[in-house]
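**Q** fold the following, please.
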Amino acid sequence: MTASSPRLSAASLGSLPAGPRRPGYDRAAQGIGIVHLGLGAFHRAHQAVYTEERLEAGESGWGICGLSLRSPAVRDALAPQDGLYTVLTRGPGGDEARIIGSVLEALTVPEQPDLALARLADPATRIIGLTVTEKAYCRDSGGALDEQHPDIRHDLEGQGTPRSVPGLLAAALRRRAETGAGAVTLMTCDNLPDNGRTLERVLRRFVELRDPSLAGWMAENVSFPATMVDRIVPATTDADRAAIAALGYQDAWPIVAEPFSQWVIEDRFVNGRPRWEEAGALMVQDVHAYELMKLRCLNGAHSSLAYLGGLAGIGTVSEAMAEPLLADFLKRLWAEDVIPTLPPVPGIDLPGYTAQLEERFRNPAIRHRLLQIAMDGSQKLPQRLLRPAADRLAQGVVPKRIALAVAAWMLFLLGEDETGGSHRIDDPMGEVLSATARGAGRDATALSDALFAMPEVFEPALAAHQGFRAAVREALALLLRDGVRGALRASLAA
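**A** I've put the predicted structure just below:
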C-alpha cells in the first residue's frame, strides 16, 4: 500500500486507475428504498450486486442503507468510502474487480439507533432485507421465538434500543403504522428452512407479546417472501486488501467471491421491488424445493467438510477437496443420504447440481476457511444434516455418511485436531457444548450419549432412534481409533 494510493470514495472514483468496473449511474440521484440488516460480506457480494445491476440498468429509488446490528467495523470501513467497495470475483482463470455503488449508507444500530429506526420507518423504504445468520432470529429448539432469550426479554420490557432482530423490526413496524409510512416487505436471505415463514413466525409471536394491537396492521401491510441464496464468499484477508492495492487504490473492506451466484425469490412483495429477474434472479411462487436443495447439498456438504477436514488439520474447502477420500465421501453423501430426501426441483438435475458443487468447491482461488464454516454448528446442523437424516430414516435407511459427519462435529467440540492444533468453539452454545464434550471425554459412547441428550440440537425422535445413535457412535469410535482418514476409508468401503 503506497502512500500515494488513493482511498476509494465518491470523490476519488473518477481518478482511480483504469481496470475495475465502476458504477455508471449517478449515485447522488439515487434514493434509499432498501434497508438491509446485516451488512456483512455475503450481502455485499450477493443481493447488493443484483441491485447494482438494476441501478446500472436505469431503475431508481432502490439504493441500500446497510445496518450493522453489533459491531461498527463495517460502518467504519465503508463510511469514509461513501459506501463504495470492491467485489473481487475469483475463478481459476483469474480475478475480476468491480466497484459496487448500491450501498448508499452504512449505520450501526447500537451507536445510531434513532437514525437506523428512522430509515426502517421511512416511507421511501419499501423492502427490509436480512442476512443476520441463524442465531439472530432468537428461536428455541422447536423453531419458535425463544421467549427466555436475554435480548428478547430486554426488548419485551421495552426499555432502550432494541437488541434483537424481532425487537428492532417490531419497533420499526410500530412506527410505520403510527406515521402512515406504508406497506413493507421483510425479505430474509438467511440459510433457514422456509426462511420467510420462520421470520414471520418469530416476529408475529414477539408482537403478540409486546404490542398485540400491531398484529392487524401487519396482516394488511407486511409480506415475508422466502428466498434461496447461493454464492461462496470467504472472509476478507489482508492478502485480499493487498490485491486491491496492487490495482492502484485502497479499499478498507473488499469482498472476495466465486463467479457463481444464484438467487431464488418468492414473488410476494407488497410495495414494489427492483426487477431483479433481469439481473439473473429467479422469481417463483414457491422457493421450498430450491431452498431444501441448497441447504442439504451445499450447506450440508460444507458442514461435513468443516468438521471432518477441520479434525484432520485441513485449512480450506479447496484443500479438503484435494483429499481424494473427502471428495469421494461427499459424492457418497450426496448420492446416498441427501438426494433421496429431496423433492423434484423445477429446472434442476440434482446429480448435475452436485457435480457443479464439487467443481465449485475445488476452485483454488477461493480460500474458504473450514473454521469459518464450522461456526454456529448447533444452529446449522439441524437443517443441514439432522433433518435429512430423519427423512432418510423415515425411508427405512440409516444415513451412514451423515452419521460420520455428525460424529466429526461431536469430536470437533473437544477443541483439538489430529495435528495437535487447537480451535475455539464459536457457537451460541459454545460454552455448554465444550463443557459437555470435555466432561464426556474421548469415549465414543459417553460423548455421543451426552450430546444426543441435548434437545437444543437433536430432536427427541432422532435422538431416540437406536439405529442412528449406533451409526454415530460407531463412526465416533472409528474417528477416535483410526483418525479422519481411517474412518473415511472404512465409510467408503461399507
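
**Q** so for the particular helix or strand that has Leu330 in it, mean pLDDT?
**A** Per DSSP states H and E, Leu330 falls inside helix 324-332. If you average the pLDDT over helix 324-332, you get 98.

**Q** and that helix, which residues are buried?
**A** Neighbour counts over helix 324-332 (16 or more other CB atoms under 10 Å) mark 325-326, 329-332 as buried. The C-beta positions use only the backbone N, C-alpha and C, and glycine is treated the same way.

**Q** tell me what that helix is packed against?
**A** Contacts defined by 3 or more CB pairs under 8 Å, 6 or more residues apart in numbering; DSSP states H and E place helix 324-332 against helix 300-311, helix 317-321, helix 350-361, helix 400-412, helix 466-493.

**Q** and those helices as TSV, adding distance to Val207?
**A** Supplementary listing: these in TSV, determined by distance: least, CB to CB, whole Å:
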stretch	distance to Val207
helix 300-311	33
helix 317-321	40
helix 350-361	38
helix 400-412	35
helix 466-493	38
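
**Q** could I get the ones you listed as CSV with mean neighbour count, mean pLDDT and distance to Ile128?
**A** Below are these laid out as CSV (neighbours: other CB atoms under 10 Å; pLDDT from 0 to 100; distance: least, CB to CB, whole Å):
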stretch, mean neighbour count, mean pLDDT, distance to Ile128
helix 300-311, 26, 98, 28
helix 317-321, 22, 98, 32
helix 350-361, 16, 97, 30
helix 400-412, 26, 98, 33
helix 466-493, 18, 97, 39
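
**Q** in the stretch 1-150 of the chain, which spans are strands?
**A** In the stretch 1-150 of the chain, the segments counted as strands under DSSP state E, counting those that start in this stretch are 32-37, 63-68, 85-91, 94-100, 103-108, 127-130.

**Q** list every C-alpha atom in the third one, with coordinates, as PDB.
**A** Meaning strand 85-91. Presented in PDB, the C-alpha positions along strand 85-91 are these (Å, rounded to 0.1, in the frame of the first residue of the first chain):
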ATOM      1  CA  TYR A  85     -16.400  -1.300  -2.000                       C
ATOM      2  CA  THR A  86     -14.900  -3.800  -4.400                       C
ATOM      3  CA  VAL A  87     -16.100  -7.200  -5.200                       C
ATOM      4  CA  LEU A  88     -13.200  -9.300  -6.400                       C
ATOM      5  CA  THR A  89     -14.500 -12.300  -8.300                       C
ATOM      6  CA  ARG A  90     -12.000 -15.100  -8.300                       C
ATOM      7  CA  GLY A  91     -12.100 -18.000 -10.600                       C
END
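
**Q** what sits against the nearest residue to Arg175 once chain neighbours are set aside?
**A** Of all residues not flanking Arg175 in the chain, Ala121 sits nearest, at 3.9 Å (CB to CB, 6 or more residues apart in numbering). Ala121 is in contact with 172, 175-176, 179, 181, counting by CB atoms under 8 Å, 6 or more residues apart in numbering.

**Q** with Met228 instead?
**A** 262-264, 287, 290-291, 293-294.

**Q** and what of Ile373?
**A** Neighbouring residues of Ile373 by CB under 8 Å, 6+ apart: 302-303, 305-306, 317.

**Q** which residues does the host helix or strand of Glu431 contact?
**A** Element membership for Glu431, per DSSP H and E: helix 430-440. In this structure, residues lying in contact with helix 430-440 by CB under 8 Å, 6+ apart are 378, 410, 413-415, 424-425, 427, 446-447, 449-451, 454.

**Q** select only the buried ones of these in PyMOL?
**A** A single PyMOL command is used to select the members of those judged buried by 16+ other CB under 10 Å:
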select buried, resi 378+410+413+414+425+427+447+450+451
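
**Q** please flag which of the contacts of helix 430-440 sit within helices.
**A** Among the contacts of helix 430-440, the members falling in helices (DSSP state H) are 378, 410, 446-447, 449-451.

**Q** make JSON lines out of the residues you listed and add distance to Tyr353.
**A** Converted to JSON lines, the ones in helices among the contacts of helix 430-440 look like this (distance: CB to CB, whole Å):
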{"residue": "Ser378", "distance to Tyr353": "27"}
{"residue": "Met410", "distance to Tyr353": "29"}
{"residue": "Ala446", "distance to Tyr353": "39"}
{"residue": "Leu447", "distance to Tyr353": "34"}
{"residue": "Asp449", "distance to Tyr353": "37"}
{"residue": "Ala450", "distance to Tyr353": "36"}
{"residue": "Leu451", "distance to Tyr353": "31"}
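
**Q** which among these gets closest to Asp194?
**A** Among the ones in helices among the contacts of helix 430-440, Ser378 lies closest to Asp194 (CB to CB), at 19.4 Å.

**Q** in space, what's closest to the closest one - neighbours in sequence excluded?
**A** Distances taken as CB to CB, 6+ apart place Met429 nearest to Ser378, at 4.5 Å, with adjacent residues excluded.

**Q** wait, the one you found sits on Lys380?
**A** No. Using CB atoms under 8 Å, Met429 is not in contact with Lys380; the gap is 11.7 Å.

**Q** neighbour-wise, which of those two wins?
**A** Lys380 (26 against 18; other CB atoms under 10 Å).

**Q** ok, and the closest non-adjacent residue to that one?
**A** The shortest distance from Lys380 to any non-neighbouring residue, by CB to CB, 6+ apart, is to Ser303 (5.9 Å).

**Q** coming back round to it: so which of the strands of the stretch 1-150 of the chain is nearest Ile255?
**A** Ile255 sits nearest to strand 85-91 of all these, at 5.0 Å, using CB to CB.

**Q** tilt between that closest one and strand 94-100?
**A** Here strand 85-91 runs at an angle of 160 degrees relative to strand 94-100 (axes from the mean of the first three to the mean of the last three CA atoms, to 10 degrees).

**Q** strand 85-91 versus strand 103-108: what angle between them?
**A** Interaxial angle of strand 85-91 relative to strand 103-108 (the same axes, to 10 degrees): 110 degrees.

**Q** next one: strand 85-91 to chain centre, how far?
**A** Computed by CA atoms, centre = their mean, to the nearest Å, the chain-centroid distance of strand 85-91 equals 18 Å.

**Q** could you do stretch 302-309 as well?
**A** Taking CA atoms, centre = their mean, one finds stretch 302-309 lying 16 Å from the centre of the chain it belongs to.

**Q** 30 is where my numbering starts, stick with that
**A** Renumbered: residue one is now 30, and that last one reads stretch 331-338.

**Q** may I have it exported as PDB, CA atoms only?
**A** Output of stretch 331-338 as PDB, limited to C-alpha atoms (Å, rounded to 0.1, in the frame of the first residue of the first chain):
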ATOM      1  CA  HIS A 331     -19.800 -27.600   3.700                       C
ATOM      2  CA  SER A 332     -20.500 -28.500   7.300                       C
ATOM      3  CA  SER A 333     -19.400 -32.100   6.700                       C
ATOM      4  CA  LEU A 334     -16.100 -30.900   5.200                       C
ATOM      5  CA  ALA A 335     -15.700 -28.300   8.000                       C
ATOM      6  CA  TYR A 336     -15.700 -30.900  10.800                       C
ATOM      7  CA  LEU A 337     -14.000 -33.800   9.000                       C
ATOM      8  CA  GLY A 338     -11.500 -31.600   7.400                       C
END
